[in-house]
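*Asks:* My questions concern the predicted model and sequence given below.
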Amino acid sequence: MNVAVFSECYHPTRNGVVVSIDTFAEGLRDRGHRVDVFAPRFPGYRIPLPHAHRFPSARLPHVQDYPVPLPYWPQVYREFDGLRAEVVHAQSVFVMSRLGAYLARRNNLPLVVTYHTLVAEYSHYVPLPSVVTRAAVVRLSRQFCNACDVVIVPTPSVEPVLRGYGVRAPVVALPTGIEPAEFEGGDAELVRRRHGLSRHAKVLLFVGRIAREKNVDFLLRVLAALVASDPDTRLLMVGPGPYTALAAAYARGLGLGNHVVLAGSRPRGELRHYYAAADVFVFSSLTDTQGLVLAEAMAAGLPCVAARGPGVCDVLQHDRQGLLVRPDEAEFAAAVTAVLTDANRSTRYRQAAPLRAAQFSRPASVERLEALYREVVGARKVRRRVPVSGS
């Protein structure tokens, strides 16, 4: 089967969407399929990637990490035609995905979309009143999803959100899988030495994009409360993001300059060492639809504390692999303290976490996506054969 993926972002950007694209593409290729990715060119990024087709793009001042594609580029259209795609898989509802939808219609191909992100909650990136931006995004989401053969959501709790937008198309929950072995056997001492963290330090770990929508300021205020009780507490933050400098400044303003380590972006192969170096994984985002890093942390046997939000409750089970709490600073800090100070509780979570992570294995997710593709392709072929009434 030949699959054309259309995404607003791709390498060198590192986020959950790109991880999901790579995870499914590699798994499908291993099963004998061809997967090509159509995405904007990232200015300055010159590394050629097989099966990637790039459109010219422009970078906007307020969204440097996400170049805006200029979708009229005849060479890429010819490359799409040469692919002889059997299904188009969009990864958003914006420019690239709309181009993919146009090409799907032009070629009478099934259109699938993965609704990765609650984009209505990202209105702060648009220089317009948030109420206007949110309403526009909800309308775009509804229109695009209803034009698709099927809508994929990473976790079941996202479906009610889309139904609330007015989405009527079929919705299927299909999480991005992980390879649990990638996150096992990390070298804790390597990371602690690298970042000057003593053996006695209580290390909270954040992995992800450092951005406003990840609720980073909330996490820093939680840290301030924890440090007041135990000055050996540290927050290790791994990942790039547009809010990094502001987060550092906010931490300094809270008197946390020596308690926050901004490790920046690390190669994926190093993440297991960072998970091994931590005492508890903290997740404060309320906008993620899966929280893939929670599954990674659990694969490493790391207890988790997370704010309740769409998607998160479908991954982390309360008081099984960690604690789910309201997005309240005092409650979150108390949950972290409970994990750090109760050795029996921490051990119980560590033992249960890998078993839960195994339920998000990549092979199972890839197999389900393959079956879904076959289903929509088969349904489209049936519709082609149905004669027009009266003919």
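*Replies:* That came through, no problem. These numbers were taken from a predicted model, which means no experiment stands behind them.

*Asks:* Which residue comes closest to Val150 once chain neighbours are left out?
*Replies:* Using CB to CB, 6 or more residues apart in numbering and skipping residues adjacent in sequence, the residue nearest Val150 is Pro170, 4.8 Å away. For the C-beta atoms, the positions are set from N, CA and C on the backbone; glycine is no exception.

*Asks:* pLDDT on stretch 193-206, on average?
*Replies:* Averaging pLDDT along stretch 193-206 yields 97.

*Asks:* which parts of it are buried?
*Replies:* 195, 197, 201-206 (16 or more other CB atoms under 10 Å).

*Asks:* Same question for stretch 164-181.
*Replies:* Buried-residue list, stretch 164-181, by 16+ other CB under 10 Å: 165, 167, 169, 171-180.

*Asks:* Mean confidence (pLDDT) on the host helix or strand of Phe218, please.
*Replies:* Taking DSSP states H and E as the criterion, Phe218 maps to helix 216-229. For helix 216-229, the mean pLDDT works out to 98.

*Asks:* now what about it, what contacts it?
*Replies:* If you take CB atoms under 8 Å, 6 or more residues apart in numbering as the criterion, helix 216-229 is touched by 202, 204, 206, 210, 233, 235, 237, 243, 247, 250-251, 254-256, 259-260, 282, 284, 307, 327, 329-330, 332-333, 336-337.

*Asks:* now stretch 148-166
*Replies:* Taking CB under 8 Å, 6+ apart as the rule, stretch 148-166 contacts 20, 90, 101, 110-116, 118, 138, 141-142, 145-146, 167, 169-176, 289-290, 310-311, 313-315, 369, 372, 376, 379-380.

*Asks:* so of those residues, which ones are in helices?
*Replies:* Using DSSP state H, 20, 101, 138, 141-142, 145-146, 369, 372, 376, 379-380 are the members of these that sit in helices.

*Asks:* would you put the C-alpha positions of the helix or strand hosting Arg374 in PDB?
*Replies:* According to DSSP H and E, Arg374 maps onto helix 362-385. Extracted in PDB, the C-alpha atoms of helix 362-385 (Å, rounded to 0.1, in the frame of the first residue of the first chain):
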ATOM      1  CA  ARG A 362       4.300   0.100  18.500                       C
ATOM      2  CA  PRO A 363       3.600  -3.200  16.600                       C
ATOM      3  CA  ALA A 364       0.000  -3.300  17.900                       C
ATOM      4  CA  SER A 365      -0.700   0.300  17.000                       C
ATOM      5  CA  VAL A 366       0.800  -0.100  13.500                       C
ATOM      6  CA  GLU A 367      -1.200  -3.300  12.900                       C
ATOM      7  CA  ARG A 368      -4.400  -1.400  13.800                       C
ATOM      8  CA  LEU A 369      -3.600   1.500  11.500                       C
ATOM      9  CA  GLU A 370      -2.800  -0.900   8.600                       C
ATOM     10  CA  ALA A 371      -6.200  -2.500   9.100                       C
ATOM     11  CA  LEU A 372      -7.900   0.900   9.200                       C
ATOM     12  CA  TYR A 373      -6.200   1.900   5.900                       C
ATOM     13  CA  ARG A 374      -7.400  -1.400   4.300                       C
ATOM     14  CA  GLU A 375     -10.900  -0.700   5.500                       C
ATOM     15  CA  VAL A 376     -11.200   2.800   4.100                       C
ATOM     16  CA  VAL A 377      -9.500   1.900   0.800                       C
ATOM     17  CA  GLY A 378     -11.900  -1.100   0.400                       C
ATOM     18  CA  ALA A 379     -14.900   1.100   1.200                       C
ATOM     19  CA  ARG A 380     -13.800   3.600  -1.300                       C
ATOM     20  CA  LYS A 381     -13.500   0.900  -4.000                       C
ATOM     21  CA  VAL A 382     -17.000  -0.300  -3.200                       C
ATOM     22  CA  ARG A 383     -18.400   3.200  -3.600                       C
ATOM     23  CA  ARG A 384     -16.700   3.500  -7.000                       C
ATOM     24  CA  ARG A 385     -18.500   0.300  -8.200                       C
END
